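[1] Sequence first, then the predicted structure, then my questions.
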Amino acid sequence: MNKIYLTLVCLFSIAIANAQSVNAGPHDAPQMGTAINIAVSTADESDGDEFFADAERNEKRGDLNEALTLFGKAAFEYNNDKKFSRYGAALLRMSNIHLLLSRYTEAEQVVLNVVLRTYTKIGSRIGQMAAYNQLGKIYFAANKLTQSLWFYTQQGILAKQMKNNTSYIDSVLGIALIKIKKKEYNLAVKDLNRAELLARNAGITQFAKQIKSNRLTIADKTSGKK
C-alpha cells in the first residue's frame, strides 16, 4: 500500500513541479530549528543513495523542483530495497521542499500518510521525532498553531523519554515560536531561557543563533509598547 501511495505522491509531486514557474523558489523560512537531520549512510550504496545525493546537490543550487523529483526517486528505490529508515529520510526531505514552496497540504500528507507510519512500524523513535518536528513546522507555516503546538509537544515528550537533549531543546524552541506568533511574549521568553539553560548544561551550541534571533524578534515586537 505504501508503495502505491508513494508512486502517486511522486507522480503528483512531479506534475506540480512541472506546472510551477521555473523561477519558483523558497519563501523566507522562520527560525524553526534543526529541521530534517536523519542522515543517509553511504555504506551499502544503492541507486537510492545516488538519487539522494543528486537531490541534495540540486537543493543546494536552488533547483527545488528537480530536487523534489530526485528525492521521490530515492524514496522509491529505498522502499524497493526495504531500507525503510532511508525511505523515511528521503520522504521527509520531499516534505521539506514542499514546505519551502508553500505547498502545505502536500508537505503534510507525505509525513502523515507515509513517514510516521513507516517509522512507527520499524520502531524508529528518532524517525518519529523528526516526523513530529516536521509536522510542527508545516502547521506553523500554515498558521495552524494548535496542531503545530501538539506535534512539537509530542516531539518533546518522546525526546524526554529518550533523554535526547537536542531534540527536546528543538521542541521547546518550536513552542516558543508559536507563543511569539500568538503574542505571548513573556511565555516565549521563559521558553527561550529554558532552552538556553538546557543547551548550556548539555554543551550544545547549535541553537545559539536561533535563540538570539528569537529574542531580537520579541524585543522588536515589544519595543513599541514601552
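    Good, I have the coordinates. Residues are numbered from 1 along each chain as shown.

[2] Break this protein into its domains for me.
    1-23+32-37+46-162, 167-226 (automatic domain parsing).

[3] Deepest-packed of the ones you listed, please.
    For those, ranked by mean neighbour count under the definition mean count of other C-beta atoms under 10 Å, the leader is domain 1-23+32-37+46-162 at a mean of 19. No exception for glycine: its C-beta is placed from N, CA and C like everyone else's.

[4] which SS class is residue 115?
    helix (DSSP: H, G, I helix; E, B strand; the rest coil).

[5] okay but it is in contact with residue 85, surely?
    No: with contact defined as C-beta atoms under 8 Å, residue 115 does not count as touching residue 85 (11.0 Å).

[6] Name the residues contacting each of the two.
    Each of residue 127 lies in contact with both residue 115 and residue 85 under the rule C-beta atoms under 8 Å, 6 or more residues apart in numbering.

[7] Mean pLDDT per helix and strand in this protein: which one sits at the bottom?
    helix 2-19 (a mean of 42; mean pLDDT, DSSP states H and E).

[8] Quick check: what element follows that one along the chain?
    Next in sequence after helix 2-19, counting helices and strands by DSSP states H and E, comes helix 47-61.

[9] what about the following helix or strand past that next one, distance to the chain center?
    Using DSSP H and E, the helix or strand that follows helix 47-61 towards the C-terminus is helix 64-80. Here helix 64-80 is found 17 Å from its chain centre; the criterion is C-alpha atoms, centre = their mean, to the nearest Å.

[10] what helices or strands is helix 64-80 leaning on?
    For helix 64-80, the packing partners by 3 or more C-beta pairs under 8 Å, 6 or more residues apart in numbering; DSSP states H and E come out as helix 2-19, helix 47-61, helix 84-100.
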